[in-house]
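> Take this sequence and fold it.
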Amino acid sequence: MFFLKIFLLSMLIAALGWVSATENVITCFGRVQRLSCDTGFISVQSAIYGRTDSTVCSAGRPHLETQNTQCSSSVPLISQRCNGQSACEFKTDDLGSSDPCVGTFKYYNTTYNCIQARLSMTCEGGYSTLDCGNNVIQITSANYGRTDRTICSEGLPSRLTEDTFCFAPDTLTSVVSRCNYKRSCVLEATNAIFTDPCVGTYKYLAVSYFCRPAVTSVTCEGKSATLTCESGILQILSANYGRTDSTTCSAGRPVGQIKKTDCYATNTQTEMTKRCEGKTSCVVPATNSVFSDPCVGTYKYLTAVYSCVLNEGFAFNRLASDSAVKNNREKYHF
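Coordinates of the predicted model:
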């Protein structure tokens, strides 16, 4: 299920034109694996440890160590370690992966995309603002901890930056709740929000995100609004059935029907969310029977601001790996 979610997310990101390259790296056990993007940031699609081919990493190895080609296990730690970075490298025998086939010489096979996301880095104790202007924020990855010795290291003793396997397991959930589908948000890089994943290490908050377009739909009273997403699902940002200016949907209407400009149906947002959110399309009549009549005698219209967002069930591929990373840190004392 984990890799199915990653695959579906990959397909959606590719459809939106956010992928600049797809790479595959195979590294023999004990060697250094390096992932890098000339442009964009890493999004790991799959990371496998084991052996599925008898010839890969076989030089100098006895036949008994390479004959088992039905040996594989996923390594979510690589996703946690590298997502959202432009380059990432690690020594494979430092990952502490469990052995899926004792006696077989294994290798790491990692496939990743380079995605065109924005990246925000905030040193511990600092604040950052994610701002998408008139568009809305879509978080793709986040980590509070340390995966690189050089970031946020100026003037610090080496002991504060040497732990590069440092991940706060609640980071993504916390950042998503603060920022997703908003036009801007402020994030603080602090242990009080994310807990301290590695006491004694100076940390930073790394967040990658997209700015998704926000679409405004206006439908005159008596007609039906059609909201559609070619990719992703509908997220209702704001909505009102009523009238807030005298020009919209005013053609051929007497002054008495358009002069009131402080008309709001209080159930608009709730009704639009119920009928549209989480779907790829919806049709909603702009009528009093749906929203009630907030201003009798005024000719009204339905305004809906929405975005097409990645499906929550697939978008945040690192959520599934958070608990695994925590278990790995406890087991192998990262």
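> for the chain, what are the low-confidence residue spans?
Scanning the chain with the threshold set as pLDDT under 70 gives 1-20, 311-334.
> So which residue is dead centre in it?
Central residue of the chain (Cα atoms, centre = their mean): T140, 2.0 Å from the mean position.
> Surely that residue and C211 touch.
No. T140 is beyond contact range of C211, at 11.5 Å (criterion: Cβ atoms under 8 Å). Any C-beta I mention is one placed from the backbone N, CA and C, and that applies to glycine too.
> could you pull out the helices for the chain?
2-15, 76-82, 171-179, 191-194, 255-258, 268-276, 288-291, 312-315, 319-332 (DSSP state H).
> Can you list the buried residues in the fifth one?
Neighbour counts over helix 255-258 (16 or more other Cβ atoms under 10 Å) mark 257-258 as buried.
> do the third one as well
In terms of neighbour count (16+ other Cβ under 10 Å), helix 171-179 has its buried residues at 171-172, 174-176, 178-179.
> Can I get that helix in CSV? Just the C-alpha atoms.
Extracted in CSV, the C-alpha atoms of helix 171-179 (Å, rounded to 0.1, in the frame of the first residue of the first chain):
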residue,chain,number,x,y,z
THR,A,171,6.9,17.3,11.3
LEU,A,172,4.9,16.7,8.1
THR,A,173,1.5,16.4,9.9
SER,A,174,2.2,19.5,11.9
VAL,A,175,3.3,21.6,8.9
VAL,A,176,0.3,20.4,6.8
SER,A,177,-2.1,21.4,9.5
ARG,A,178,-0.6,24.9,9.7
CYS,A,179,-0.1,25.6,6.0
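> Begin at 58, not 1, for the rest of this chat.
Yep, numbering from 58; the last one is helix 228-236 now.
> now the closest residue to C171 other than its chain neighbours: how far from A174?
In space, and not counting its chain neighbours, C171 is closest to C94: 3.6 Å by Cβ to Cβ, 6 or more residues apart in numbering. Distance of C94 to A174, given as Cβ to Cβ, to the nearest Å: 10 Å.
> what residues do the two have in common as contacts?
Overlap of the contact sets of C94 and A174 (by Cβ atoms under 8 Å, 6 or more residues apart in numbering) is empty.
> Check the burial of the closest residue to Y259 other than its chain neighbours by counting its neighbours.
Leaving aside its chain neighbours, Y259 sits nearest to L217 (4.2 Å; criterion: Cβ to Cβ, 6+ apart). Number of residues near L217 (other Cβ atoms under 10 Å) recorded here: 16.
> I'd like the distance between the closest residue to Q127 other than its chain neighbours and D302.
Leaving aside its sequence neighbours, Q127 sits nearest to T109 (Cβ to Cβ, 6+ apart; 7.5 Å). T109 sits 63 Å away from D302, taking Cβ to Cβ as the criterion.
> Appreciated, that's everything.
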